[in-house]
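K.L.:
sequence first, then the predicted structure:
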Amino acid sequence: MAVQNLPLAKALNESLRKALETDPKVVIMGLDVGKLGGVFRITDGLQKDFGEDRVVDTPLAESGIVGTAIGLALRGYRPIVEIQFDGFVFPAYDQIVTQLAKMRARSLGTVKMPVVIRIPYGGGIGAVEHHSESPESLFAHVAGLKVVTPANSSDAYWMLQQAIQSDDPVIFFEPKRRYWDKGEVDTEAFPGELHKARVAREGTDLTLAAYGPMVKTCLEAAAVAAEEGKSVEVVDLRSISPLDFDTIQASVEKTRRLVVVHEAPVFFGSGAEIAARITERCFYHLEAPVLRVGGYHAPYPPARLEEEYLPGLDRVLDAVDRSLAY
């Protein structure tokens, strides 16, 4: 069947399976991705079906994993790297920033770098330190990298397909707290552009812009606001770099108010760039300053405190009320 109701995690698994079947140059690498099928079972069953040369269990050495992927890409392969948890990517940050991101520019575009780095990110699962971070801005700031994140099962399937087909390196952030949320996936539907934002809910009074795990939170906030007579539009950004400012601008010119929501700390976060650009583009349309809702500028707290740290329904609705009060 073309249309299936799948958890986001299973949609990713099906997408990886499709890529392995379609292109013999696709290889998957990472800690425990083979025999175990990954900590979140995203690669479950793939090594059994495609062999140890296509789905490779690596040593615990993120720098070595990414460095090997760069070498494979230079030899014509399309490696997909799994970083087990968000906070584990930093040993590989040097390889990603100084090599992976710069290789195409260094070669004046003659060298392709079709490397996908999959990173489960964000909180909400009660994990310990280094397992619940949102480092997307650290990668979005680096020229030469594409940074994307799906919010639902359909986007998980299709955006991963598009990322694997890209000749540029893609950092693919997966919202781990949404792995088990189900949604319809049409495996024969032609997807939209990888870096195009999507209006997830129409509205007229205010725009909520979010990505990844916060899209569902914003849709819930919009539903609550509707019960109070407020019409809130929700824009799923999907891509953090490049950012689709045109879709955000079109929404804000209609609603005249914008609140940006993300789990990452507000300080120097992606919401700051969106606020600055939309203020430049929509200055004479705005009826309130652009507001941001996000994590605090502090190390990620212990699991018992993460609900106080993470932006939830109340904080989003509070920002909606503050914006509409201007």
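P.N.:
Structure's in. What do you need? Numbers count the residues shown, from 1 in each chain.

K.L.:
and stretch 287-301, how far out from the chain's middle?
P.N.:
Averaging C-alpha positions (C-alpha atoms, centre = their mean, to the nearest Å) puts stretch 287-301 18 Å from its chain's average.

K.L.:
only alpha carbons, please: show that stretch as CSV.
P.N.:
The C-alpha trace of stretch 287-301 is given here as CSV (Å, rounded to 0.1, in the frame of the first residue of the first chain):
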residue,chain,number,x,y,z
GLU,A,287,1.5,45.3,15.0
ALA,A,288,3.7,43.8,17.8
PRO,A,289,7.4,43.0,18.2
VAL,A,290,8.4,39.5,17.2
LEU,A,291,8.5,37.3,20.3
ARG,A,292,10.5,34.2,21.0
VAL,A,293,9.8,31.1,23.1
GLY,A,294,12.5,28.6,23.8
GLY,A,295,14.9,27.0,26.3
TYR,A,296,16.9,28.9,28.8
HIS,A,297,20.5,30.0,28.5
ALA,A,298,21.7,27.2,30.9
PRO,A,299,23.0,23.7,30.7
TYR,A,300,20.2,21.2,30.1
PRO,A,301,18.8,20.3,33.5
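
K.L.:
tell me the buried residues in it?
P.N.:
Buried positions in stretch 287-301, judged by neighbour count with 16 or more other C-beta atoms under 10 Å: 290, 291, 292, 293, 294, 295, 300, 301. In short, each C-beta sits where N, CA and C put it, glycine included.

K.L.:
just stretch 90-101 next, same as before
P.N.:
90, 92, 93, 95, 96, 97, 99, 100, 101.

K.L.:
pLDDT wise, what is the fourth one at?
P.N.:
Going back to what we said before, that points to residue 95. The per-residue pLDDT reported for residue 95 equals 97.

K.L.:
distance of residue 234 from residue 27?
P.N.:
Plainly put, residue 234 is 37 Å away from residue 27 if you go by C-beta to C-beta, to the nearest Å.

K.L.:
what about these two, which has more around it?
P.N.:
residue 234 (27 against 21; other C-beta atoms under 10 Å).

K.L.:
please confirm that that one is located within a strand.
P.N.:
Yes: counting by DSSP: H, G, I helix; E, B strand; the rest coil, residue 234 is located in a strand.

K.L.:
that one contacts residue 200, correct?
P.N.:
Yes: counting by C-beta atoms under 8 Å, residue 234 sits close enough to residue 200 to count as a contact (4.5 Å).

K.L.:
intersection of neighbour lists for these two?
P.N.:
With contacts defined as C-beta atoms under 8 Å, 6 or more residues apart in numbering, the residues shared by residue 234 and residue 200 are 215, 218, 219.

K.L.:
okay if I get those as a markdown table plus distance to residue 32?
P.N.:
Listed next are those as a markdown table, based on distance: C-beta to C-beta, whole Å:
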| residue | distance to residue 32 |
| --- | --- |
| 215 | 29 |
| 218 | 33 |
| 219 | 33 |
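
K.L.:
just give me the closest of the residues you listed to residue 36.
P.N.:
Relative to residue 36, the closest of the shared contacts of residue 234 and residue 200 is residue 215; by C-beta to C-beta it sits at 29.4 Å.

K.L.:
assign the closest residue to that closest one other than its chain neighbours to helix, strand or coil.
P.N.:
Sequence neighbours aside, residue 151 is the residue nearest to residue 215 in space, at 3.7 Å (criterion: C-beta to C-beta, 6 or more residues apart in numbering). The local conformation at residue 151, judged by three-state DSSP, is coil.
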